[in-house]
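Asker: A predicted structure for the sequence below; I have some questions about it.
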Amino acid sequence: MNLDSLMLMRDEWFLTAVIMLLLIAEVLLSAKNKKYIIQLALILFGAYTISAFLPNDTGALFGSSYKTYPLVHYFKAILAFGVFIILLQSVNWLKEKLLPYDFTAEFFILIFSSLLGLNFMMSAGDFLMFYIGLELSTMPIIALTAFEFWNHRSVEAGVKYILLASISSAILLFGVSLVYATAGSINFDVIKNALQLPLLEIIGLIMIFIGIGFKISLVPFHFWAADVYEGAPTVISNYLSVISKGGAVYVLMTLLFVTFTAFQKEWNWIMYGTAILTMVVGNLFALRQQNMKRFLAFSSIAQAGFILLAMLSNNELGVKAIIYFLLIYIFSNVAAFGVVHVISLKTGKENIDDYNGLYRTNPKLSLVLMIALFSLAGIPPVAGFFAKFFLYAAAASKGYYVLIFIAVLNVTVSLYYYLLPVRAAFLRVSDHPIPFFKSDNYSRLAFIITMIGLLVLGLYSGVFEFISGISNIF
Amino acid sequence: MNAFSYIYLIPLIPLLAFLFLGFTAKKIKEPVSGYIGTAGLLSVFGLSLYTAYKYFFEVGLVNGKYEPYKVMIKEAWVHFTDKLAIDLGILIDPISVMMLIVVSTVSLMVHIYSLGYMHSDTGFSRFYAYLSLFTFSMLGLVLSSNLFMIYIFWELVGVSSFLLIGFYFEKPSAVAASKKAFIVTRFADMFFLIGILMVGYFGQSFDFETLNSPSTYETIQAWIVNHQIFSFMGLSLFTWALILVYIGGMGKSAMFPLHIWLPDAMEGPTPVSALIHAATMVVAGVYLVARLFPLYYHIEGGTALQVVAVVGAFSALFAAIIALTQEDIKRVLAFSTMSQIGYMMLALGVSGFEGHEGLGYMAGMFHLFTHAMFKALLFLTAGAIIHAVHSNFMKDMGGLHKYMPVSSIVFLIAALAISGIPPFAGFFSKDEILTAAFEYNKFIWFIGFLVAGMTAFYMFRLYFRIFFNKQTDYGDHKPHEAPKTMLIAMVFLAVMTVVSGFIPFSTFVSADHKIFHSHIHWGDPLVIASILMAASGIGIAYLMYYKETAYPQKVATSMGNGYKWAKNKFYFDELYIFITHKIIFDKISKPIAWFDRNVIDGFMNLLGVTVEKTAEKIRFIQTGRMQDYAMYFVSGVIAIVMLIVYFR
């Protein structure tokens, strides 16, 4: 092992260094200068994000318990980019709510640790690394969920999350041990060739699937999602719904497509059923929500169901579709949560009815909300449409027309509720609309980035083609 | 191939106009924004005429057959698999050029007309921005070279139509109507989307040229014959795919039973109704079937095409019956539009493919063209009338001929055209449809024939009741003729209505792109019968409505419930409301929302209260609640494991 091969882990080293530097800065900076931590963290993390997009070699480390290849490398970059936008949105919240308590450095350190965990989890070559990554990504987020300690809902959400997360971890670990018992290894490559699929092994695999399904909030393992999203600070709900979910989806995809590909026949029916359940339940609950955060929570549950459509394909088109969908989904959901976040921060209002007449007072913000929701609803020419279309195409490539039909039916239903906030903002009038306010420059930058992403990524096919170029992971 | 390299300008100009007007909507005042939009459209109109001239008279015709031209914007725009890629391109062939003319002509007229109609409306600039957006989407739809692109523009048209119907967002009914239109058409589009995916995977292409080529449909037909394509309910999946695509078309074209949004869409400004709900967007479904006509005709002996014919014929009749009883003039026109589109679908459905066999196809396209002109004219005139009397209802009108002579004359021309009286445009196209239907199936012909008579009757019922009949007292505000900008547009369309019937359409548009000749045989009993049918419809309308008489009331009474049912549109709205509200909302969604709100949230609130009271209890209930969640979680695990164990 030399320095060159260690550079394969460049992303993780860099991120660890960022965390260390922030820890040191936290100790060294005097109380007066603590506010500069925000700028420092943004600059450091910005540098990390840029470096993450630079190409990296393919290779394995530590007895192939850590692996990197172009797709995972760029997907890490995409997640880093998503986190960066979320950080931009959180600046104002940090300044207003957390600076007085001197908690800003902790916020950054925790969120970066969680991202580091996701990186390890996605690059894992065996179950040990995978599990460490998973826990490293979950634990800091639990702390962050309870971060607004003066708000009892936030604390309650944290408690709920930690309890349910430990149950899911227990189930996952049990599954891993069953697989180890039958296949005789925790290394993915060895397991792949040793799969005999006795019943015990299948049960083990299902339990692993459930452990990951918890993080993706698939039905019936979604119960935590709405409560936690609603209680957690909005930036954290945002992180949970896109970044943490995205990482888990990626891992599920590689496990199913590559490691457990022999398990396809069994898993197809589970996926099929879970996809339908997740879409239908997510949609039906979203239909009558009044609170925007709860509304987005259920919408993001439903969106997870759509991803499963492509999970059924087990081919390259499926990989492309999933990665592209996650990319677009990050942009759409971050934008939507961002609007909710700035409004909630300025006025404390979070209900759909509070948005009545928003277009009159805050036209630009309403426009952002509309485009983000249109993208989630999959209306062309916004990028979300293309993302959904590729998911259908992936399912169609294996002939799952009935499932596509159910999915499209769900999209039509979802159109109804995605239009509700749009209608409130544009077509309703209110006696007490949310007054005009200027959002801070950081959030504004975040909105601009997401809007460009949503409008350009769909029509400009280069991004999809690039993903196509690196998505042969088989 | 570069003869049409400028073609991308045609959709681009309205798009730029939209972006410009959209960004400057608050700074640019009336009428400048209107002039900008109109100037853009004028150049589009010019380019379209130039394209048509060049295509039909210079480069298009090679050895008696029109060759399609394709302008690539980006080849292999998106790759699905190695074999299946989507191009970003523009397809120029007879029907797309014809649609270019239709869309640009009507849109230009609507732009000019609206300068007067929307005068001093607070949303003037916004209106023109939306109009440009719509025109862009519609032109894109027409020029798309593959199914994927057409779907994108298809949805964009839906979005811009949503914006335009809901233009008067102060009116709750307009907002409701726009949402209804959007959701109903989206509902249809989901079938369309699945159809596209299926057609794409069996045909291994989304490209119209490739799909329509003999090699593609012959291959697919061979698969079907050899049972290599799975069949469902006796029809192959590919036929189902075509039917699904057609359902998408039914949504946009307001075919039964997806027509319910069209009457409500009349809540939008009248010029919008003329543009979108008479001439352009609603015929998108017809255009779609025409686009894929070779597939519809050749696959499984045209089973899917029979569906098109039957749905078209039924919708034509159904809408005509409702139109007989409506009181709101825009709704009469809306149902009339639905009925006429049914006619076009019927024409495509009964058509053959080669040479004179393809008369139905040609006639359907011809009718699309002429109908666009005279129906847009009818709507614009209706707009002028509504502008003058400030009401949509016939009871508030009457005797307007002396106040608005020009409107009266152009309305008469349009009414004669739609009734099928020679030499006006509608006669020629309608007569050819009936001839084609007669050769195909006598029963379908009879429906068409009946509808022709009913059309003549309800149009003249409208005409006489608006312009003659009783002398309504209009008080101090006497109705006056529309301003010049509005009249210019109306007169232009009236001229088109008179002359467009003489276009030798079969030398331009045909199913197999080869030219053929069709003539009206004046002595043919079919022709005489249809003229007589129209004339008798007009005659009855004259007797009943030229003067105020007691006949209408008597007829209505004698029809009893039949009249009531027709007047209430056969209660279809109520049926849908019952299904969506009573069943989906009340029976499924409400209990779930109730559960979420009362059980879950209520539990939460209860918790909050209890927390303050006894520390002991919280811990107990809190764990109880967590146990609930954990229990669901673990039972999910067990259920899945059991299922697998059981089914394996």
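Answerer: Great, that's in hand.
Asker: give me the pLDDT for the closest residue to B:I224 other than its chain neighbours.
Answerer: Leaving aside its sequence neighbours, B:I224 sits nearest to B:S236 (Cβ to Cβ, 6 or more residues apart in numbering or on different chains; 4.5 Å). Using the backbone N, CA and C atoms, a C-beta is placed for each residue, glycine as well. Note for B:S236: predicted pLDDT of 79.
Asker: also A:M121?
Answerer: For A:M121, the predicted pLDDT is 93.
Asker: and for B:H521?
Answerer: B:H521 is assigned 71 on the pLDDT scale.
Asker: over to A:F45?
Answerer: Note on A:F45: pLDDT of 91.
Asker: and it, which helix or strand is it part of?
Answerer: Using DSSP states H and E, A:F45 falls within helix A:36-52.
Asker: what packs against that helix?
Answerer: Applying 3 or more Cβ pairs under 8 Å, 6 or more residues apart in numbering or on different chains; DSSP states H and E, one finds that helix A:36-52 contacts helix A:10-28, helix A:70-93, helix A:104-123.
Asker: quick check: buried residues in the next helix or strand after that helix?
Answerer: Using DSSP H and E, the next helix or strand after helix A:36-52 towards the C-terminus is strand A:59-61. Of the residues in strand A:59-61, A:A60, A:L61 count as buried by neighbour count, 16 or more other Cβ atoms under 10 Å in any protein chain shown.
Asker: how many residues are close by the closest residue to chain A within the stretch 351-500 of chain B?
Answerer: Relative to chain A, the nearest point of the stretch 351-500 of chain B is B:N392 (21.9 Å; Cβ to the nearest Cβ). Around B:N392 there are 18 other residues, counting by other Cβ atoms under 10 Å in any protein chain shown.
Asker: need the phi and psi values for it.
Answerer: Backbone geometry at B:N392, expressed as degrees, to the nearest 10, gives phi -100, psi -10.
Asker: nearest residue to the middle of the chain?
Answerer: Just so you know, I chose chain A. A:V242 (2.2 Å; Cα atoms, centre = their mean).
Asker: let me rephrase: I mean chain B.
Answerer: With distances taken as Cα atoms, centre = their mean, B:V282 lies nearest the centre of chain B, 1.2 Å away.
Asker: quick one: residues contacting that residue.
Answerer: By Cβ atoms under 8 Å, 6 or more residues apart in numbering or on different chains, the contact set of B:V282 is B:K252, B:S253, B:A254, B:L262, B:I276, B:T337, B:M338, B:I341.
Asker: now it. Nearest residue, chain neighbours left out?
Answerer: Leaving aside its chain neighbours, B:V282 sits nearest to B:S253 (5.4 Å; criterion: Cβ to Cβ, 6+ apart).
Asker: same check, this time on B:A274
Answerer: B:F379 (3.5 Å).
Asker: where does the stretch 201-350 of chain B dip in pLDDT?
Answerer: Within the stretch 201-350 of chain B, the stretches with pLDDT under 70 are B:231, B:234.
Asker: nearest residue to the residue of it found nearest chain A other than its sequence neighbours?
Answerer: Nearest residue of the stretch 201-350 of chain B to chain A (Cβ to the nearest Cβ) works out as B:Y201 at 5.7 Å. Closest residue to B:Y201 apart from its sequence neighbours, by Cβ to Cβ, 6+ apart: A:A396 at 5.7 Å.
Asker: please name the residues that touch the one you found.
Answerer: Counting by Cβ under 8 Å, 6+ apart, A:A396 makes contact with A:I404, B:L197, B:M198, B:G200, B:Y201.
Asker: export those residues to TSV and tack on secondary structure, distance to A:K320 and neighbour count?
Answerer: Compiled in TSV, the contacts of A:A396 are given as follows (DSSP: H, G, I helix; E, B strand; the rest coil; distance: Cβ to Cβ, whole Å; neighbours: other Cβ atoms under 10 Å in any protein chain shown):
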residue	secondary structure	distance to A:K320	neighbour count
A:I404	helix	17	22
B:L197	helix	16	24
B:M198	helix	20	22
B:G200	helix	16	22
B:Y201	helix	16	21
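Asker: and the next element down the chain from the strand ranked longest in chain B?
Answerer: The single longest strand within chain B, with elements called by DSSP state E, is strand B:69-79. Moving toward the C-terminus from strand B:69-79, the next helix or strand (DSSP H and E) is strand B:85-92.
Asker: from the contact counts, what lies against the helix or strand encompassing B:F427?
Answerer: B:F427 is part of helix B:425-440 when elements are defined by DSSP H and E. Counting contacts by 3+ Cβ pairs under 8 Å, 6+ apart, helix B:425-440 packs against helix B:329-349, helix B:359-389, helix B:405-419, helix B:442-467, helix B:484-499, helix B:525-545.
Asker: pLDDT (mean, whole number) over the longest one?
Answerer: This means helix B:359-389. The average pLDDT for helix B:359-389 rounds to 87.
Asker: tilt between it and helix B:405-419?
Answerer: Using axes from the mean of the first three to the mean of the last three Cα atoms, to 10 degrees, the direction of helix B:359-389 lies 150 degrees away from that of helix B:405-419.
Asker: how far off centre is helix B:359-389?
Answerer: Put simply, helix B:359-389 sits 13 Å off its chain's centre (Cα atoms, centre = their mean, to the nearest Å).
Asker: who does that helix touch, helix- and strand-wise?
Answerer: If you count contacts as 3+ Cβ pairs under 8 Å, 6+ apart, helix B:359-389 packs onto helix B:94-117, helix B:270-274, helix B:284-291, helix B:329-349, helix B:405-419, helix B:425-440, helix B:484-499.
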